[in-house]
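K.L.:
Fold the following, please.
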Amino acid sequence: MRMRHLALMGAFLAAMLLVLPVQAQNEPPKGFTALFNGKDLSGWHGMHHFDPRRLWAMSEKERAKKLAGDTKSMRQNWRVENGELVNNGHGAYLTTDKDYGDIEFMIDYKTVPKADSGIYLRATPQVQIWDYTKAGGKWRIGADKGSGGLFNNDGGSPGRDPLVLADKPFGQWNSLRIIQIGSRTTVYLNGKLVVDHAVMANYWDRKRPLFAKGPIQLQTHGGEIRWRNVFIREIPPEDANEVLQKRDDDGFNSVFNGRDFTGWAGPLENYEIKDGAIICKPHKGGTIYTKEEYGDFVARFEFKLPPGGNNGLAIRHPGRGNPAYDGMCELQVLDNTAARWSKLDPRQYHGCAYGMVAAHRGYLRPVGQWNFQQVTVKGSTIKVELNGTIILDTDLSKVTKYMGNSPHPGKDRKKGHFGFAGHSDPVQFRNIRIKPLE
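P.N.:
Prediction:
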């Protein structure tokens, strides 16, 4: 009797599942916005594979003409069917009207044998989607490893190939979840991690980082593909900073307790502590630094700039003199957008090794927001990662040309203090942690 009772219960529950309502398609989860309304192509336009820098450089009239032609192509090859976006494998790519920076992006797709597609982030290829079977004919270029990888990264680099094969058989829906913070890309395919915080290469110019913002594009590439449940969440700065702070954080030690200057030296009277942050007093300055010295290390911290703010990081500072010349270097901390700084030498902007090597610009958050920065010092090399984007990666031992022909006698120092070189502006620093690499 008990077995019969269990069998009847199982049949009852199965019947109930058939009548329970399922979550409606194209309705976003809490905190997300739907980019596709399930009915039409509102919020999207067409754009072929095209260098966005060329688009941005066009006049308004030229740009409108270009996008009108691409949108016509898009509308000829895309349609909405049963709450799904359907592309026939041809035409311009479906492109968001809005540009995005840091995001969490979710999308479902279903494709056919021998199809090849992908998702462009910030107008840049791409998170790869393709036929992972041998019959698809692309095993020689990595299709056997599956979808979700950053196909246009250099071969062998992190993220180029997915960590695991996670594709579902043809005829089934696949689900992608992409987290983009700065140039760092994380991809889950069908709930499996396939790309883990890898730097996405700038396909359009490999000497520069990924653009700070750009549209999302759904690629067309020779085979039918269907999309649904297209959702996005723009990641606020505080959330992005938390992710970056906690990433691989073993071995990091706080060097500032948020209350007083224990462990610090220098002209401390020119600085104050407020709400857990070190602040240079207005019209004051000088270099304050950790009492402890470091050779090779990684430093993580957050900083906030006032309009026109100017400060610097003292790297391997000797505890005296000018950190830009007597220390290994001063890494500039500067509001690049201020009119007063519009005519500086390129080696004077934020993140640069002051007077020696320029950093990439365009990756600071708006003035008044907290930025995250990581600095890695190994031997004579320095790497600066700002808000998830590498803006400087250089070897100071190879520098032979200096701003103003002024030599930097301290650049070959092997050890020294870490600190802040204030220049009269109330720049703020908090959550300061250092990981020695010896």
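K.L.:
Run a quick neighbour tally on the nearest residue to residue 389 once chain neighbours are set aside.
P.N.:
Leaving out its chain neighbours, the residue that sits closest to residue 389 by C-beta to C-beta, 6 or more residues apart in numbering is residue 182, at 3.9 Å. C-beta coordinates here come from the backbone N, C-alpha and C atoms, glycine included. Counted with other C-beta atoms under 10 Å, residues neighbouring residue 182 total 23.
K.L.:
Give the helix, strand or coil label for residue 292.
P.N.:
Here residue 292 is recorded as strand under DSSP: H, G, I helix; E, B strand; the rest coil.
K.L.:
re the thing from before, ramachandran angles for the residue nearest to residue 389?
P.N.:
Backbone torsions of residue 182, given as degrees, to the nearest 10, read phi 60, psi -130.
K.L.:
who's in contact with it?
P.N.:
102, 209, 210, 240, 244, 363, 385, 386, 387, 388, 389 (C-beta atoms under 8 Å, 6 or more residues apart in numbering).
K.L.:
ditto for residue 55
P.N.:
47, 63, 66, 67.
K.L.:
list the buried ones in stretch 238-257?
P.N.:
240, 241, 243, 244, 245, 252, 255, 256 (16 or more other C-beta atoms under 10 Å).
K.L.:
One more: stretch 314-334?
P.N.:
314-319, 323-334.
K.L.:
Wasn't residue 73 part of a helix?
P.N.:
Yes: looking at residue 73 with three-state DSSP, it is inside a helix.
K.L.:
Give the burial count for the closest residue to it other than its chain neighbours, as a bare number.
P.N.:
Excluding its sequence neighbours, the residue lying closest to residue 73 (C-beta to C-beta, 6+ apart) is residue 92, at 4.2 Å. Residues within reach of residue 92, counting by other C-beta under 10 Å, total 25.
K.L.:
Quick check: phi and psi at residue 92.
P.N.:
phi -70, psi 160.
K.L.:
residue contacts, residue 52?
P.N.:
Residue 52 neighbours (C-beta under 8 Å, 6+ apart): 123, 124, 204, 211, 214.
K.L.:
And for residue 265?
P.N.:
288, 289, 290, 291, 319, 417.
K.L.:
Over to residue 424?
P.N.:
Here residue 424 is in contact with 280, 282, 283, 284, 285, 310 (criterion: C-beta under 8 Å, 6+ apart).
K.L.:
partners of the last one in the sheet?
P.N.:
Judged by DSSP bridges, the bridge partners of residue 310 are residue 334.
K.L.:
Can I get the contacts of residue 265 in JSON lines including distance to residue 153 and pLDDT?
P.N.:
Shown next, in JSON lines, are the contacts of residue 265 (distance: C-beta to C-beta, whole Å; pLDDT from 0 to 100):
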{"residue": "288", "distance to residue 153": "40", "pLDDT": "98"}
{"residue": "289", "distance to residue 153": "38", "pLDDT": "98"}
{"residue": "290", "distance to residue 153": "36", "pLDDT": "98"}
{"residue": "291", "distance to residue 153": "42", "pLDDT": "98"}
{"residue": "319", "distance to residue 153": "42", "pLDDT": "96"}
{"residue": "417", "distance to residue 153": "37", "pLDDT": "98"}
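K.L.:
tell me the strands in the stretch 151-300 of the chain, going along the chain?
P.N.:
According to DSSP state E, counting those that start in this stretch, the stretch 151-300 of the chain carries its strands in the segments 174-181, 184-189, 192-199, 217-218, 225-234, 253-254, 264-265, 271-274, 277-280, 285-294, 297-304.
K.L.:
which regions of the stretch 251-400 of the chain lie under the pLDDT threshold?
P.N.:
The stretch 251-400 of the chain contains no residues with pLDDT under 70.
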